[in-house]
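Okay, predicted coordinates and the sequence, questions at the end:
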Amino acid sequence: MTNYLEPIVFESATLNEVPITIGDKKYILKEASGDAATAWRNAKADAIKLSPSGKPVGAKGIANSDPALLARCLFDCENNRIPLSEIQAWPDKIQKTLVERLLQISELSISEDTIADLKAQREKLDEQIEELEESAKNETEDSGDGST
């Protein structure tokens with residue numbers, strides 16, 4: 001069982017870094033900061049188009065979120081960010097490889113919810129619904145018995 005009162009200790013708030021070489025140029029891929037990760041998640045979420053009932057019906061511009069994240073996390077050796085336009089000019093295989101590594105070192109994932117996670121969430125929600133329904137039923141029975 002997890003002890004939620006146990007202290008949380010991080011040795012450092014320094015971002016992880018991975019050296020990258022493309023041709024004769026050297027770069028530094030840095031772990032996504034909280035700000036960069038939030039912007040990436042928001043870009044992914046904003047790209048999803050929902051029906052009036054709230055179901056996803058499409059996505060527009062979702063592919064732009066990965067190069068934009070790279071542009072926030074990829075630096076030259078003088079610690080200057082690499083412009084998005086430069087990153088977008090690279091072959092897709094380079095961008096894809098860098099994004100995969102960036103997501104790994106940042107502990108982000110493309111699909112944060114696996115099917116198993118979603119099923120577990122659904123089961124937990126079903127249990128909560130049952131508890132609320134039972135509670136509402138008991139309140140109705142208690143208020144309808146004539147005693148106050």
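Received, thanks.

starting at the chain centroid, how far to the helix or strand that Pro67 is a member of?
Here Pro67 sits within helix 65-73, counting by DSSP states H and E. Remark: helix 65-73 is offset 14 Å from the chain centroid, using CA atoms, centre = their mean, to the nearest Å.

pull the longest helix from the protein.
Assignment by DSSP state H gives helix 115-143 as the longest helix of the chain.

Give the residue spans of this protein that score low on pLDDT.
For the chain, the stretches with pLDDT under 70 are 1, 110-118, 120, 144-148.

Now with 80, please.
Along the chain, the parts satisfying pLDDT under 80 run over 1-2, 54-56, 109-124, 142-148.

Please, where are all the helices along it?
Counting by DSSP H, the helices of the chain are 34-47, 65-73, 84-89, 92-105, 115-143.

Point out the most buried one among the ones you listed.
helix 65-73 (a mean of 21; mean count of other CB atoms under 10 Å). From N, CA and C alone the C-beta is placed, and that goes for glycine too.

Which strands or helices does that helix pack on?
Judged by 3 or more CB pairs under 8 Å, 6 or more residues apart in numbering; DSSP states H and E, the packing partners of helix 65-73 are helix 34-47, helix 84-89, helix 92-105.

quick one: which of the ones you listed is nearest Glu134?
Taking CB to CB, helix 34-47 is the member of the helices and strands packed on helix 65-73 nearest to Glu134, at 33.9 Å.

Find the residue at the geometric middle of this protein.
Nearest to the mean C-alpha position of the chain, by CA atoms, centre = their mean, lies Arg41 at 5.0 Å.

residues in contact with that one?
Residues in contact with Arg41 (CB atoms under 8 Å, 6 or more residues apart in numbering): none are found.

Go through stretch 20-31 and flag the buried ones.
20, 27-31 (16 or more other CB atoms under 10 Å).

brain fart, stretch 54-68
Applying 16+ other CB under 10 Å to stretch 54-68 flags 65-68 as buried.

Tell me which of the helices and strands packed on helix 65-73 lies nearest to Glu11.
Among those, helix 92-105 sits nearest to Glu11 (CB to CB), with 15.9 Å.
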